[in-house]
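**Student:** I'd like to go over a predicted model; first the sequence, then the structure.
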Amino acid sequence: MDNDGSLKVPYIKGNIERCMCSECPVQADSKCAQDKLERSKKIMANMSGDDVPDPKEVPGVYCSTGKARCSDLKPDEKCICNTCDVWKEYDLKNSTPSMYFCQNGQAKE
Ligand code: SF4
Ligand code: SF4
C-alpha cells in the first residue's frame, strides 16, 4: 500500500464496511475475490473495535489500498463505485483515477 501521504481515502473499518466492491460484476465471478470476501468477513466479525484486516485479505476499498491482488477479475464489466457512499464522501469523481480502482490503483488528489 502506498503510504506516501497522498492517500486520499483512509483504510478504516467504516470505509471497508461501506465499500460496494463485494457486489460488483467485475469481481462477481472471481473465485479469488469471493474466497477473500468470505475470509475477510469472518476475520472482521472476530475483530474488536476499529481493528482492520490486512489489506491483502480484503477484496475491496481499492480506492484506498490500490490495485486488486486477484488476477481473475473482469474489467469489461461495469464498475459500481459511483453507487458507493465512500466514493461520494471523498468526491472520487474528481480524483485520479476516478473509477475501476481495482485496475487503475488508488485514488489520489
Ligand atoms: S469507491 Fe469503489 S473501491 Fe472505494 S470503497 Fe467505494 S466501491 Fe470500494
Ligand atoms: S473498484 Fe469498481 S470495478 Fe473494481 S471491484 Fe470495486 S466497484 Fe468493481
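**Tutor:** Happy to help now that I have it. Ligands and ions are numbered 1, 2, ... in the order given.
**Student:** Neighbours of residue 9, how many?
**Tutor:** 22 (other CB atoms under 10 Å). Every C-beta, even on glycine, is put in place using the N, C-alpha and C of the backbone.
**Student:** And the residue of the chain most remote from its centre, what's its pLDDT?
**Tutor:** What lies farthest from the middle of the chain is residue 48; by CA atoms, centre = their mean that is 20.7 Å. pLDDT recorded at residue 48 is 90.
**Student:** element containing it?
**Tutor:** Under DSSP states H and E, no helix or strand contains residue 48.
**Student:** list the contacts for it?
**Tutor:** By CB atoms under 8 Å, 6 or more residues apart in numbering, the contact set of residue 48 is empty.
**Student:** so how far is residue 44 from residue 31?
**Tutor:** Separation of residue 31 from residue 44 (CB to CB, to the nearest Å): 20 Å.
**Student:** actually residue 69, not the one I typed
**Tutor:** With distances taken as CB to CB, residue 69 is found 18 Å from residue 44.
**Student:** With residue 50 instead?
**Tutor:** Taking CB to CB, one finds residue 50 at 11 Å from residue 44.
**Student:** Any regions of the protein where pLDDT drops low?
**Tutor:** Scanning the chain for pLDDT under 70 picks out 1-6.
**Student:** Spatially central residue in it, please.
**Tutor:** Central residue of the chain (CA atoms, centre = their mean): residue 61, 1.8 Å from the mean position.
**Student:** Could you confirm residue 87 falls within a strand?
**Tutor:** No. Secondary structure of residue 87 (DSSP: H, G, I helix; E, B strand; the rest coil): helix, not part of a strand.
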